[in-house]
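Participant: structure of the sequence below:
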Amino acid sequence: MQDPTPNPFASFPPATPSAPLRVVVADDNPVVRAGLTALLSGRADIAVVAEAADGRAAWEAAHQHRPDVVLLDVRMPGVDGISALPYLVQIAPVLMLTYSRESGIVQEALRRGAGGYLVHGEFTADQLVDAVRDIKEGRPHFTPTAAGALLAQLRQGRPGSPLPEGLGGATAHGNGSPTPGATTISAENLSQVQPDMGQSSSGWTGGRPPAVDRSRFQLSAREAEIMDLIASGMTNQQIAATCFISEKTVKNHINRIFAKLHSTSRSEAAAKWLGTAPDPSPRGLR
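Facilitator: So this is what the prediction gives:
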């Protein structure tokens with residue numbers, strides 16, 4: 001006998017899985033790009049739709065793919081991340097993901113619209129994934145160095161000076177549409193942005209800093225690749241997956257790297273590799 005009681009949920013369609021969060025990764029280091037792409041693409045709800053090696057390529061990728069989040073490095077050849085940032089935030093929320101930890105650069109990135117700022121070596125893989133998800137929803141993330149710079153800016157209580165002509169003043173809506181009255185962006189006028197644009201109140205002048213002399217560490221090509229991934233915050237398991245080697249091999253490489261860098265921890269090795277370790281005092285050399 002048929003049950004006369006109607007099913008109140010019969011007319012509801014089955015739930016469909018939500019679309020993955022779409023990400024553009026912009027970094028001039030191909031090893032870091034590959035590592036980030038592998039890390040993020042391993043999550044079911046995240047898809048890396050494009051990679052870029054400089055600011056202009058990042059804008060072109062974002063313009064084409066309309067991602068949910070852009071991960072952006074600071075120091076890149078051609079158009080650097082700080083110069084491209086005001087253009088990118090008109091398309092999608094931007095999370096700075098960089099080795100640059102200078103207070104002035106952090107403050108400039110936030111002033112130009114970055115939704116968060118992560119310094120390599122100061123976050124875990126899970127923290128990065130959480131940050132990417134949260135930036136899409138407007139929840140900012142900062143690693144300790146960036147948080148300290150933000151706190152210093154708040155304590156100063158001084159508003160920033162106006163941006164150079166044609167930059168800033170535009171924020172992104174949830175649908176990626178620019179704010180009314182915002183600068184109209186095209187590949188042509190972005191190509192005219194130079195990394196040596198006028199100095200701002202933060203002291204950022206664009207361009208690349210003097211390169212760290214890493215030859216003195218005498219790392220092999222594979223060791224240098226692994227050291228880049230260590231500095232980006234990857235675990236041994238993630239490095240092994242990225243480099244297609246075993247975790248035991250990774251550990252052997254790290255032991256040799258630490259010996260060559262005269263380091264006893266990942267953070268100490270990363271600081272020396274990135275050139276952010278303090279110079280030893282004469283007293284410390286005795």
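
Participant: wait, residue 83 sits on residue 56?
Facilitator: No: judged on Cβ atoms under 8 Å, residue 83 makes no contact with residue 56 at a distance of 9.2 Å. For every residue, glycine as well, the C-beta is placed using N, CA and C.

Participant: longest single helix anywhere in this structure?
Facilitator: Counting by DSSP state H, the longest helix found in the chain is helix 247-261.

Participant: and that one, how far out from the chain middle?
Facilitator: Chain-centre distance of helix 247-261: 26 Å, with Cα atoms, centre = their mean, to the nearest Å.

Participant: which residues in the stretch 51-200 of the chain form strands?
Facilitator: 69-72, 94-98, 116-119 (DSSP state E, counting those that start in this stretch).

Participant: tell me which of those sits most buried.
Facilitator: strand 69-72 (a mean of 29; mean count of other Cβ atoms under 10 Å).

Participant: can I get that strand as PDB, trimmed to CA atoms?
Facilitator: Extracted as PDB, the C-alpha positions of strand 69-72 are listed here (Å, rounded to 0.1, in the frame of the first residue of the first chain):
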ATOM      1  CA  VAL A  69      41.800  35.900  -5.700                       C
ATOM      2  CA  VAL A  70      45.200  37.000  -6.900                       C
ATOM      3  CA  LEU A  71      48.400  36.000  -5.100                       C
ATOM      4  CA  LEU A  72      50.900  38.700  -5.800                       C
END
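
Participant: now it: average pLDDT?
Facilitator: Averaging pLDDT along strand 69-72 gives 96.

Participant: hmm, back to that, just the buried residues of the longest helix of the chain, please?
Facilitator: For helix 247-261, burial by neighbour count (16 or more other Cβ atoms under 10 Å) applies to 249-250, 253-254, 257-258, 260-261.

Participant: how about a markdown table for those residues, with pLDDT added?
Facilitator: Listed next are those as a markdown table, based on pLDDT from 0 to 100:
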| residue | pLDDT |
| --- | --- |
| 249 | 91 |
| 250 | 92 |
| 253 | 94 |
| 254 | 94 |
| 257 | 94 |
| 258 | 94 |
| 260 | 93 |
| 261 | 92 |
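
Participant: need the max-distance pair from those.
Facilitator: Across the buried residues of helix 247-261, no pair lies farther apart than 249 and 261, at 18.5 Å, counting by Cβ to Cβ.

Participant: coming back round to it: will you turn the strands of the stretch 51-200 of the chain into a markdown table that also has distance to residue 235?
Facilitator: Formatted as a markdown table, the strands of the stretch 51-200 of the chain follow (distance: least, Cβ to Cβ, whole Å):
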| stretch | distance to residue 235 |
| --- | --- |
| strand 69-72 | 18 |
| strand 94-98 | 17 |
| strand 116-119 | 16 |
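
Participant: let me know which of these is the nearest to residue 132.
Facilitator: strand 69-72 (5.5 Å).

Participant: list the contacts of the closest one.
Facilitator: 21-27, 36, 55, 58, 62, 81, 84-85, 88, 91-98, 114, 132, 135-136 (Cβ atoms under 8 Å, 6 or more residues apart in numbering).

Participant: change it to 7 Å
Facilitator: 21, 23-26, 36, 58, 62, 81, 85, 88, 92-97, 132, 135-136 (Cβ atoms under 7 Å, 6 or more residues apart in numbering).

Participant: dihedrals phi and psi, the nearest residue to residue 73 once chain neighbours are set aside?
Facilitator: Of all residues not flanking residue 73 in the chain, residue 27 sits nearest, at 4.2 Å (Cβ to Cβ, 6 or more residues apart in numbering). Main-chain dihedrals, residue 27, degrees, to the nearest 10: phi -160, psi 140.

Participant: for the very next helix or strand once past the longest helix of the chain, name the packing helices and strands.
Facilitator: Under the assignment DSSP states H and E, the closest C-terminal helix or strand after helix 247-261 is helix 266-274. Under the contact criterion of 3 or more Cβ pairs under 7 Å, 6 or more residues apart in numbering; DSSP states H and E, helix 266-274 touches helix 221-231, helix 247-261.

Participant: so which of those helices comes closest to residue 152?
Facilitator: helix 221-231 (24.2 Å).

Participant: now the closest one: how far from the chain's centre is it?
Facilitator: On Cα atoms, centre = their mean, the centre of helix 221-231 falls 18 Å from that of its chain.

Participant: just the buried positions in it, please.
Facilitator: 223, 225-231.
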